[in-house]
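Asker: Give me the fold of what follows.
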Amino acid sequence: MGDEALTCDECGAALRFEGTRTTKCPYCASPSVLARPARHDLPNPDFVVAFVLGKEAAHERARAWTRSRGPFTHPGIRQASFDDVRGVYVPAYLYGALARSSYSAEIGENYTETETYTEQENGKTVTKTRTVTKTEWRSLSGTWAGYVRDVVVSASRGLPNALLSAVEPFDLRALRRYDIGQVQGWMAEEPSLTPEAGLAEARQEAQADVAASLDRLMPGDSHRGLGFSTSFEREIASLVLVPVWVFAVRYAPDKPIVRLVINGQTGRAWGKTPISWIRVGIAVAAGLALVLVLVAVFGGKR
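Answerer: Next up, the predicted model:
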């Protein structure tokens, strides 16, 4: 991926982009990005998911984001330059494994009964019946085995896994074997998290997938107290580059950066726009003043 790399002194992202010597970090908008020799001891990615969403579409999503809070969006966001919307091939670990679980739970089976009750009608006590639903609970335990696949976790320090997860899923049917020509002209980040760290993160997500599978597996009308323990076998963690548009904005010198993250394949976007509380206060004050004026005008006509 070229012979030069760029390192952000602030967030630690290690990026490669041929022909670039200095730039602004796409993740944290820091100008402290310096050229350094590329590391050749890092493995090449195994797979790539190509960009589908173009620059103009990414810019349009960024514009919509800056307008998402209407007039209460902080002016620093509205004044941000859309030239800072950058497309990055983000490194991630694609995880799969065979999961074996032992589980236990209480299974609820519903049944109905007819019960008799009394109530007052026209000063008289009347006996009536009604049908009520009750639940019988019984214990259930067992084992389950299944494959967990297509778990994607970030291998980037610049783009934490929580942000990458917010714009998932990626359509992995478009996965292709890595070739340098596929990322030519794009910024691509080197993996900055080790496979061991990626495995730990992926297992946590895999545990959540197993929990969802066991939840669907439970028989009966309802269940409670589902607990399980899982071991993973035949684990595979492949290094893959996934396409992400990032819009990082430093909207005020004393505030942390805010980021819009866009899935470069599907267009799914996530980001929080900061509110200008000064504008909110002005709007509230104006509304109260209008109410007082209306009260004074119409109250005086009585």
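
Asker: give me the element P169 is part of.
Answerer: P169 is part of no helix or strand, with elements assigned from DSSP states H and E.

Asker: ok, it - contacts?
Answerer: 150, 152, 266 (C-beta atoms under 8 Å, 6 or more residues apart in numbering). (Glycine included, C-beta is placed from N, CA and C.)

Asker: Can you list which of those are found in strands?
Answerer: Within these, residues falling in strands by DSSP state E are 150, 152.

Asker: Selecting buried members of the contacts of P169 in ChimeraX, what would you type?
Answerer: The buried subset of the contacts of P169, as determined by 16 or more other C-beta atoms under 10 Å, is captured in ChimeraX by this line:
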select :152
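
Asker: Dump the contacts of P169 to JSON lines, plus pLDDT.
Answerer: Compiled in JSON lines, those are given as follows (pLDDT from 0 to 100):
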{"residue": "D150", "pLDDT": "93"}
{"residue": "V152", "pLDDT": "97"}
{"residue": "T266", "pLDDT": "95"}
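
Asker: Reformat the contacts of P169 as a markdown table; add distance to L199.
Answerer: Shown next, in a markdown table, are the contacts of P169 (distance: C-beta to C-beta, whole Å):
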| residue | distance to L199 |
| --- | --- |
| D150 | 16 |
| V152 | 13 |
| T266 | 26 |
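
Asker: where along the stretch 201-302 of the chain do the helices fall?
Answerer: Under the criterion DSSP state H, counting those that start in this stretch, the stretch 201-302 of the chain contains helices at 277-299.

Asker: Flag the shaky bits of it, pLDDT-wise.
Answerer: Within the stretch 201-302 of the chain, the stretches with pLDDT under 70 are 251-255, 273-302.

Asker: That one: strands as residue ranges?
Answerer: Ranges of strands in the stretch 201-302 of the chain, per DSSP state E, counting those that start in this stretch, are 222-249, 258-263, 269-270.

Asker: Same question for the first one: list its buried residues.
Answerer: Spelled out, it's strand 222-249. So strand 222-249, judged by 16+ other C-beta under 10 Å, has buried residues 223, 226, 228, 230, 232, 237, 239-249.

Asker: low-confidence ranges in the stretch 1-150 of the chain?
Answerer: Ranges of the stretch 1-150 of the chain meeting pLDDT under 70: 1-12, 14-24, 28-42, 69-80.

Asker: Which residues are in contact with A145?
Answerer: 98-101.

Asker: host element of it?
Answerer: strand 124-154.

Asker: in its sheet, what does that strand sit against?
Answerer: Sheet pairing of strand 124-154 (DSSP bridges) gives strand 85-121 (antiparallel).

Asker: can you state the direction angle for the partner strand and strand 222-249?
Answerer: 150 degrees (axes from the mean of the first three to the mean of the last three C-alpha atoms, to 10 degrees).

Asker: Just the CA atoms of stretch 239-258, as CSV, please.
Answerer: Taking Å, rounded to 0.1, in the frame of the first residue of the first chain, the C-alpha atoms of stretch 239-258 are listed here in CSV:
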residue,chain,number,x,y,z
LEU,A,239,-8.0,-8.9,8.2
VAL,A,240,-10.4,-7.0,6.0
LEU,A,241,-10.7,-3.4,4.8
VAL,A,242,-14.1,-1.9,5.0
PRO,A,243,-15.2,1.4,3.3
VAL,A,244,-16.2,4.3,5.6
TRP,A,245,-16.7,8.0,5.0
VAL,A,246,-15.7,10.0,8.0
PHE,A,247,-16.6,13.7,8.8
ALA,A,248,-14.7,14.9,11.9
VAL,A,249,-15.4,18.4,13.0
ARG,A,250,-13.7,20.5,15.7
TYR,A,251,-16.6,23.0,16.1
ALA,A,252,-15.2,24.8,19.1
PRO,A,253,-11.7,25.0,20.5
ASP,A,254,-12.8,24.0,24.0
LYS,A,255,-15.0,21.1,22.9
PRO,A,256,-14.2,17.5,21.9
ILE,A,257,-14.5,16.7,18.2
VAL,A,258,-17.8,15.2,16.8
